[in-house]
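# My questions are about this predicted structure, shown below with the sequence.
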Amino acid sequence: MDYTIKGKDILLKQPDFDLDQTLDCGQAFRWTKVDNSTYTGFFLNTPLTISCENSADNVFRLHDTSERELLETWADYFDLATDYGELKRRFSEDETMSKACSYAGGIRILKQDSWEALSSFIISQNNNIPRIKGIIGRLCEHYDGYPTHTQMKDETVESLGYLRSGFRAKYLVDAISKINSCELDLKSISKMPIDDARAALMTIKGVGPKVAECALLFGMYRIEAFPVDVWVKRVMEQWYPNGLPECVKGCQGIAQQYLFHYIRTSSQT
């Protein structure tokens, strides 16, 4: 990791990283674009403002951030230890993956908190991003930060009315109940064989395959998880009717991010 301390800021030189492609692609909902080069957001309740300082040289400014915060929080959150350049070289053995990696080569997986990811994707069901952000914003305003499942232990469908989250409130309440009663343990789930982890998460009311896969990929860094929505279903039908190529095996979740962005936004598709 290549960085320098510049007053109260950190200048980070990081290839294979694009703020728009990473922070505004639907994997996290607490980032806000301030201007063409800057975002503000959070990991749990640690805030960050980050700017692209020099896109040609892959330099980013982490504003008002200590070296300790970089090393203990943001390096892990932005998955800086993973060589995405090598992953893209490997993925590019496949023609379609090569095009997707070239199109949006700055995507990285955000390594989020398991509870925040699970609860956020429960909220995301049949929802659009502005509304998801609104619900999560009201939740954070109510608790003065993103609440833990323990803080939410007394919530009911009625008490969550302020969220205006509709049918999703009962799913949140069930998740809160199962985790606080120790019927489910997110740390244990994160270490289970992937099929067992999927099955455990889907015991929560309203958690189907897509939400389970998103919770595994973004909240537990299970990069073999493969969320399928309408766009990824189209990917599979159009390019991979016989299954994903061997070159993405074990990293299907990272490959999914490139493919999702490519089919959703590229005019070439």
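Perfect, I can see it now.

# what about the helices in the stretch 51-200 of the chain?
Taking DSSP state H, counting those that start in this stretch, the helices of the stretch 51-200 of the chain run over residues 67-69, 75-77, 84-91, 95-103, 114-123, 129-143, 168-180, 186-191, 194-201.

# which phi and psi does the residue nearest to Phe167 when sequence neighbours are not counted have?
Nearest non-adjacent residue to Phe167, counting by CB to CB, 6 or more residues apart in numbering: Gly206, 7.7 Å away. C-beta: built from backbone N, CA, C; applies to glycine. When quoted as degrees, to the nearest 10, the phi and psi of Gly206 stand at phi 80, psi -10.

# just checking, Gly206 touches Ala169?
No: Gly206 sits out of contact with Ala169 when judged by CB atoms under 8 Å, with a separation of 10.0 Å.

# Domains in the chain, by residue range?
With domains defined by automatic domain parsing, the chain comprises 2-81, 114-220.

# Just the endpoints, please. Distance across the first one?
Which is domain 2-81. Taking CA to CA, to the nearest Å, domain 2-81 runs 11 Å from one end to the other.

# Count residues in the vicinity of Ser124, would you?
The number of residues packed near Ser124 is 20, by other CB atoms under 10 Å.

# Any regions of the stretch 151-269 of the chain where pLDDT drops low?
Along the stretch 151-269 of the chain, segments meeting pLDDT under 70 span 267-269.

# how about a cut-off of 80?
266-269 (pLDDT under 80).

# how far away is the nearest residue to Ala28 once chain neighbours are set aside from Leu160?
What sits nearest to Ala28 in space, not counting adjacent residues and going by CB to CB, 6+ apart, is Leu110, at 5.1 Å. Relative to Leu160, Leu110 is positioned 25 Å away (CB to CB, to the nearest Å).

# repeat for Asp144
For Asp144 relative to Leu160 (CB to CB), the value is 16 Å.

# These two: which is more packed in?
Neighbour comparison, Asp144 and Leu160: the larger count goes to Leu160, with 21 against 8 (by other CB under 10 Å).

# Hmm, Tyr171 and that one touching each other?
No: look at Leu160 against Tyr171 with CB under 8 Å: they stay out of range, at 10.5 Å.

# ok, now which ones touch Asp174?
204-206 (CB atoms under 8 Å, 6 or more residues apart in numbering).

# repeat for Gly106
Residues in contact with Gly106 (CB under 8 Å, 6+ apart) are 16-22.

# Quick one: buried ones out of the contacts of Asp174?
Among these, those scoring as buried are Ile204 (criterion: 16 or more other CB atoms under 10 Å).

# which of the contacts of Asp174 lies closest to Ser165?
Gly206 (11.4 Å; CB to CB).

# Okay, that closest one and Gly41: tell me how far apart.
Gly206 sits 26 Å away from Gly41, going by CB to CB.

# just Lys178 next, same as before
28 Å.

# same check, this time on Met220
Using CB to CB, Met220 is found at 20 Å from Gly41.

# swap in Ile109?
15 Å.

# Compare neighbour counts for those two and give me the winner.
More crowded of Ile109 and Gly41, by other CB under 10 Å: Ile109, with 21 against 18.

# Count residues in the vicinity of the nearest residue to the more buried one once chain neighbours are set aside, would you?
Counting by CB to CB, 6+ apart, Ile109 lies nearest to Asp79, which is 5.2 Å off, once chain neighbours are set aside. When neighbours are counted by other CB under 10 Å, Asp79 registers 17.

# ok, now the one 5 residues further on?
The number of residues packed near Tyr84 is 22, by other CB under 10 Å.

# which non-adjacent residue is nearest it?
Once flanking residues are discounted, Tyr84 sits nearest to Asp16: 3.8 Å by CB to CB, 6+ apart.

# Now do that neighbour against Ser177, distance only.
Asp16 is 41 Å from Ser177, by CB to CB.

# Confirm that Thr4 sits in a strand.
Yes: the assignment for Thr4 is a strand, going by DSSP: H, G, I helix; E, B strand; the rest coil.

# Leaving out sequence neighbours, find the closest residue to it.
That would be Leu11: by CB to CB, 6+ apart, it lies 4.9 Å from Thr4.

# Sweet, I'm off.
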